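Trainee: pasting a predicted model and its sequence here:
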Amino acid sequence: MPQVYGLPAPLTLHLETAAALGLLLVALGWVVFAIIDRRECILPGLPRRMLVLVLLLAWLALARDVLGVLFGLHPLLLALFAGGALLLTGMLFFPPPASGWIVVSAVLLGSGVRLACFFVEPMKSFSADALLTIERFGYILNDGVLRLAPWQSPPTSLPIAWMAYLPAYVLGLDVRLVNLLAELLIGVALAWAAIALQTNAGTPPRAALATVWNDDRVLLLWSAVFLLPAALHWSLTSIAPVPLALIALLLATLVSERTMATVLLMGLAGAASLLTMVVVPFILLYWLHRHGWWRTLLLAIIAVMMMALLCLLPVAFWLQEYLTTWYWMWMNVGDIVPHRYWAHPETWVELAGFQRPLWALGMGAALEPLQLSGNTLLTGVQVLGSAEAYQTTGTARLLFNLPQLLLAASMLLLTWYRARSMFALLSIITASLLFYLLFHPVSSPYVYTPVLVVALLWAIVWQYSTSPEPPKRIPRSVIALVLLLPLVGLPITLVNNRLPLPDHHNTSPFGVVSRLGVRVRDDDYRAMVTLMQEAGVQWQREELTWATIQRHRDGMFVWTAYPGYARGLYDYDRAIGIQVTAGIHVLALLSYHPAWFYGHEPAPLDAWIDDWGDFVYATVRRYGYERGWVKYWEVWNEPNLHLYGAHLGINTPEKYTQLLAVTRQAARAADPEAQLVLGGLASVWVEPPPVFNSDYRSYLSDVAQVGGLEHVDIVAIHPYRPSAPEDRLPRKGQLEDFRAELHAMDRLLEPFGSLPIWITEMGWSTYTGELGLDEETQAYYLVRMYLLALTHPSVEKVFWYELRNSTTDDADYEQPFFDAAEEQFHYGLLRRSYPLDPEQDDLRKPAFIAYRKLTQMLEGHTLQQVIADNTTPETAGVYWYRFTRPDQKEQPVDVFWRTGSVWPTFAADYGCAKVSLWEANGERRAVLPTIDGAVTIPEPPVGVPWYAKCE
């Protein structure tokens, strides 16, 4: 099958929902076969019982949600509760006939195969090839979540579906074609059964079906009832909403961008396309029936449609893909390459947690006339790419789930009070739910729905034109109950919406590198997050290493730890989720070459660049568009160094630019709001640089010359320095301090729109080697470096490297490896120990205390004045900056230090009676009274930053 980056989001079901659905299938199987196997087609109590079942489903879902919210019960317990109650309901109302056990057994077998994927350890029990087979034919468990494989592969593990998909997969046929043929057969069978029971009410089922089979006129008529909507679906569903969506988007843009109004307009566009699908066939059938021209026309329509579907199907698919690609390019989603970044305008709905109530999934699936509007609504959110708008879809889904339940209940009431011969039609509608879930649990509701809705409308017209009985009045109490019942679960569903989305516009500059996913075991996550919160960290640079997520080429992406592999590490879902929940923003680093090239370096870029695009798409889609956790993506790490660049296949600026281009295309296809950060380029202070190494300014200039900066929104650097940040060091024949280095960066970037600068790594090591610092000096350098960076206009964020002292990749996690002479092990703000205990006395280095004091003093503040900046003889070696909060400009915070013997003697004006002096380590040095709000600050020790603030 051809590779694509733009796979739709996979359907996601939590374990409790999957278990409840399995039991729901069993119950519905009993319902259907209890009806079909009866000697009499009409069961007098059926409508009342089915109405009771609908009400019970709603109350069971509500009770399950309440239990989950109030008591935090394990999802499996909730599943057992809902499933057990459902099973009891089925046994009470619909005892299973003997012949129904065949289908019940098939359902149980399929559900067993599905759930068996939960309880295996893939890397231990199966080879890589077998694992791929499980992924393609079944369901995958990641962190208690059931996932369907992408739709290009067989999307279900149920035995009945295997019979259809396995030959197609082995023979290499287009699965979509097999889908279509299977749905045609099922739909014709349903339509035939519906009209059989509709037109022969009161006749035993076998005789009714035989009567219709021998009546060509009726068979043709009701086959057309199915075939016309099916034809509209396959030829127009993916195309017709496009102009409607474009019009809606244009109108929404004129009103306001990225608002709920836009989302609702997209929903209206989908509803309009659905109306076309339902009303047009109904009007056509009614017109043909009235004028008696139906025979010749229906035969012609069926013949032409079958030819179009079977013979011209490749052309239809090509046209759909072409228009879809054009649509996305027109919306400026990104530089989408046709046939590679394929993005379907219909988005698969994610069913995670309690977002979609069980009753809406159950009864709503059988009668889902607003599925298309929901898909198009989600398409609008996808096009807009707004994480905030996507958050509203939890509420938006309710807007079309509630009418589904109302429609289902209304049909039941209508059946109960009005037309006895519609009882059988209702049983077929129930049966369609079973077939729909068995054969194609992802994308078939918009095929079956028009069939059932048109058939129902036709049956209603037929009944009113033939029945002499006046319609019975429906009691107002029943109407009120049906209308109000769905609203009961509304608050619970809203409470159980997704995690709160982070504020991606957070302007705090304070970040660290802690790499929870790759360097911290899951039993230390909570302690690490607690320590980050204590330090005032607002941003964290999280590394997502491709080789730990996809272990084999064409293998599945595993976002949680592999069983038996690196125990407790690489659990990216938990690592990122726990930080987002704690209010910490994530800069995600997309890193390094694939696992299948490990040991075969250098890995040529062209050999894996397409696979890289797949990885980027899947990652950005998951954590960016779907979950709304990450907006900023750093592309690679230090490609200007041999270790991470040439050694891994990124051996020239041109190759890195190629990587940037593919990353941008894949990331923007996955999330149109994704922001790309140029991989942090590292300083090289050796002249000339070692082979295959370049100083970051030279490398950045080369990348800019070949167009690399066109693919990024932010430039990241790692301006490590071997001495103090104020020292002037030789670089290319000139002496530069840290401030001069940043000015040189501005001049380099100016021709390209003055991109903002993020310092995504910066630090000094406390190792015992030649360039190592003592821990007190590390703390002072930290504060001084942050102040020099944050008082530079183009620098937006600074990430200290790193939060905790590191160790070797192969070290025993529980026995930290110490080497006082190894530079890489001692950059941290925390010493290394296991278990990580925030109460440990010697855990925090002085640099941690200094970082905490820095954020306490300056978080939420902006630079108001540069009092001294080492620019005049009177202030040589003096650095003094004043910060204020927007809402407290009369209460400034000053930060100052000196690197020489000079210290100014002027009085600084604070406008208050007393000023406190604090050292970088958090200790208060003095409280000075002011004269008319001003005070002369005593000189601090050389190199020691102090803070001055009103008492």
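Mentor: Received, thanks.
Trainee: ok, residues contacting the longest strand along the chain?
Mentor: When the chain is parsed with DSSP state E, its longest strand is strand 888-898. Outside strand 888-898, the residues that touch it by CB atoms under 8 Å, 6 or more residues apart in numbering are 780, 783-784, 787, 857-858, 861, 864, 867-868, 877-885, 908, 910-912, 937, 939-940, 942-950. For the C-beta atoms, the positions are set from N, CA and C on the backbone; glycine is no exception.
Trainee: report the rounded mean pLDDT for that strand.
Mentor: Averaged over strand 888-898, pLDDT sits at 89.
Trainee: out of the contacts of strand 888-898, which end up buried?
Mentor: The neighbour-count test (16 or more other CB atoms under 10 Å) marks 780, 783-784, 787, 857-858, 861, 867-868, 877-885, 908, 910, 937, 940, 943-950 as buried among those.
Trainee: for Ala682, phi and psi?
Mentor: phi -100, psi 150 (degrees, to the nearest 10).
Trainee: now the nearest residue to Ile609 once chain neighbours are set aside: how far from Leu605?
Mentor: Nearest non-adjacent residue to Ile609, counting by CB to CB, 6 or more residues apart in numbering: Val662, 5.7 Å away. Distance, Val662 to Leu605, by CB to CB, to the nearest Å: 10 Å.
Trainee: do Leu729 as well
Mentor: 33 Å.
Trainee: these two: who's more crowded?
Mentor: Leu605 (20 against 17; other CB atoms under 10 Å).
Trainee: per-residue pLDDT of the more buried one, please?
Mentor: 90.
Trainee: likewise Phe692?
Mentor: For Phe692, pLDDT reads 70.
Trainee: just the one 10 residues further on next, same as before
Mentor: On pLDDT, Asp702 comes in at 93.
Trainee: got phi/psi on it?
Mentor: phi -70, psi -40.
Trainee: what of Thr548?
Mentor: Dihedral angles (degrees, to the nearest 10) for Thr548: phi -90, psi -10.
Trainee: from Ala575, how far out is it?
Mentor: 12 Å.
Trainee: who's more crowded, the two?
Mentor: Ala575 (28 against 22).
Trainee: gap between the more buried one and Tyr623?
Mentor: For Ala575, the distance to Tyr623 - CB to CB - is 11 Å.
Trainee: same question, Tyr767
Mentor: For Tyr767, the distance to Tyr623 - CB to CB - is 34 Å.
Trainee: more neighbours: these two, which one.
Mentor: Tyr623 (26 against 19).
Trainee: with adjacent residues omitted, what lies nearest to the more buried one?
Mentor: Val630 (4.5 Å).
Trainee: got the phi/psi numbers for that neighbour?
Mentor: Per degrees, to the nearest 10, the backbone of Val630 is at phi -130, psi 130.
Trainee: that one: how many residues sit nearby?
Mentor: Neighbours of Val630 (other CB under 10 Å): 26.
Trainee: what's the pLDDT at it?
Mentor: 94.
Trainee: and it, what does it touch?
Mentor: Neighbours of Val630 in contact, by CB under 8 Å, 6+ apart: Ile576, Val586, Leu587, Ala588, Val620, Tyr623, Gly624.
Trainee: phi, psi for the fourth one please.
Mentor: Listed backbone geometry of Ala588 is phi -90, psi 130, with angles given as degrees, to the nearest 10.
Trainee: quick one: the closest residue to it other than its chain neighbours and Arg739, what's the gap?
Mentor: Spatial nearest neighbour of Ala588, excluding adjacent residues (CB to CB, 6+ apart): Val630 at 4.7 Å. Distance, Val630 to Arg739, by CB to CB: 32 Å.
Trainee: and the helices in the stretch 451-600 of the chain, which stretches?
Mentor: For the stretch 451-600 of the chain, the helices defined by DSSP state H, counting those that start in this stretch cover 476-488, 490-495, 516-519, 525-535, 546-549, 572-581.
Trainee: mean pLDDT lowest for which of those?
Mentor: helix 490-495 - the lowest mean pLDDT of these, at a mean of 30.
Trainee: and Asp614, what element?
Mentor: helix 609-620 (DSSP states H and E).
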